[in-house]
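Trainee: got a predicted model here, sequence first, then my questions.
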Amino acid sequence: MADQASYVPPKVWTPPASSGGTFASINRPVAGPTHDKELPVGQHPLQLYSLATPNGVKVTILLEELLAAGHSGAEYDAWLIRINEGMQFSSGFVEANPNSKIPALVDRSGAEPVRVFESGSILVYLAEKFGAFLPKDGLARAETMNWLFWQMGSAPFVGGGFGHFYAYAPEKLQYPIDRYAMETKRQLDVLDRHLADKRFVAGEEYTIADMAIWPWYGGLVLGQLYEAAEFLSVHEYRHVKRWADEIAARPAVIRGRKVNRSFGPEADQVHERHDAADLD
């Protein structure tokens with residue numbers, strides 16, 4: 001490994017004036033709001049506050065899949081939360097998600113609003129609400145939940161680990177890039193071996209587990225994430241690529257990827273979504 005300056009941790013850590021990197025302006029060691037601002041509310045019962053990161057895309061894909069399957073009650077308003085501007089630290093957003101992370105959902109269809117945060121929790125909540133994309137059978141349901149929580153537990157190594165040090169850190173350091181590239185490739189291999197004899201991750205049925213995993217691992221093998229496809233030799237994971245290609249071609253996935261997108265080709269950006277026509 002190349003020589004790198006050694007860091008000796010102090011006995012008591014104190015935050016630096018700036019941590020550097022892409023998200024330095026919003027990194028802070030405490031929770032809670034930084035400013036007062038209520039969240040906007042649209043005409044539909046389901047109000048989504050998000051950004052088209054992999055975690056945000058999971059939810060908009062599910063909502064578009066529900067609508068495509070005929071669940072008209074899944075109509076929703078999607079509001080753009082620009083995390084690089086600190087919008088997730090408004091008083092209204094913190095009320096919806098005290099952890100100040102996108103996505104956050106507020107369901108206003110009942111007598112009292114229901115807040116739902118953490119992307120996996122939102123997927124389960126919506127799947128159970130509409131009785132879709134989450135099998136009721138014990139074995140199939142268990143497999144769906146296994147792989148959903150595999151993604152929730154594994155993706156921080158891909159995003160906060162590999163993605164951060166490879167794409168966003170203020171300087172390229174070999175040790176963390178090697179560490180997290182190794183773990184990312186191991187996870188891709190786990191998924192590739194699993195998909196060798198399965199159409200979708202829980203079997204023959206397309207579920208919320210696929211919707212959770214695809215924006216992360218599908219994004220890697222399709223070259224949509226961190227521009228790291230060549231670096232990670234993603235051609236090695238041909239079963240993941242086959243699965244990712246099939247999901248990428250679904251009309252609801254194409255639509256869901258556009259919602260709350262504020263980067264990339266302008267034709268793929270729909271900052272806010274309040275009606276199906278906004279995506280046409």
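Mentor: Happy to help now that I have it.
Trainee: okay, now residue 45: neighbour count?
Mentor: 17 (other CB atoms under 10 Å). Placement of C-beta: from N, CA and C, glycine included.
Trainee: no wait, residue 156
Mentor: 12.
Trainee: and residue 108, how close does it get to residue 52?
Mentor: Distance of residue 108 to residue 52, computed by CB to CB, to the nearest Å: 23 Å.
Trainee: which of those two has more neighbours?
Mentor: residue 52 (26 against 14).
Trainee: who's in contact with the more buried one?
Mentor: 60, 257-263 (CB atoms under 8 Å, 6 or more residues apart in numbering).
Trainee: in stretch 166-186, what counts as buried?
Mentor: Using 16 or more other CB atoms under 10 Å as the test for burial, stretch 166-186 gives 166, 169, 177, 180-181, 184-185.
Trainee: return the member of those nearest to residue 132.
Mentor: For the buried residues of stretch 166-186, the closest approach to residue 132 (CB to CB) belongs to residue 184, at 30.9 Å.
Trainee: name the nearest residue to that closest one, sequence neighbours excluded.
Mentor: Sequence neighbours aside, residue 162 is the residue nearest to residue 184 in space, at 4.6 Å (criterion: CB to CB, 6 or more residues apart in numbering).
Trainee: can I assume that neighbour is in contact with residue 185?
Mentor: No - here residue 162 lies out of contact with residue 185, judged by CB atoms under 8 Å, at a distance of 9.2 Å.
Trainee: where does pLDDT dip in the stretch 1-150 of the chain?
Mentor: For the stretch 1-150 of the chain, applying pLDDT under 70 flags the ranges 1-5.
Trainee: and the helices in it, which stretches?
Mentor: Using DSSP state H, counting those that start in this stretch, the helices of the stretch 1-150 of the chain run over residues 54-68, 91-96, 119-130, 138-156.
Trainee: return the most buried member of those helices.
Mentor: Using mean count of other CB atoms under 10 Å, the stretch among the helices of the stretch 1-150 of the chain with the largest mean neighbour count is helix 54-68, at a mean of 25.
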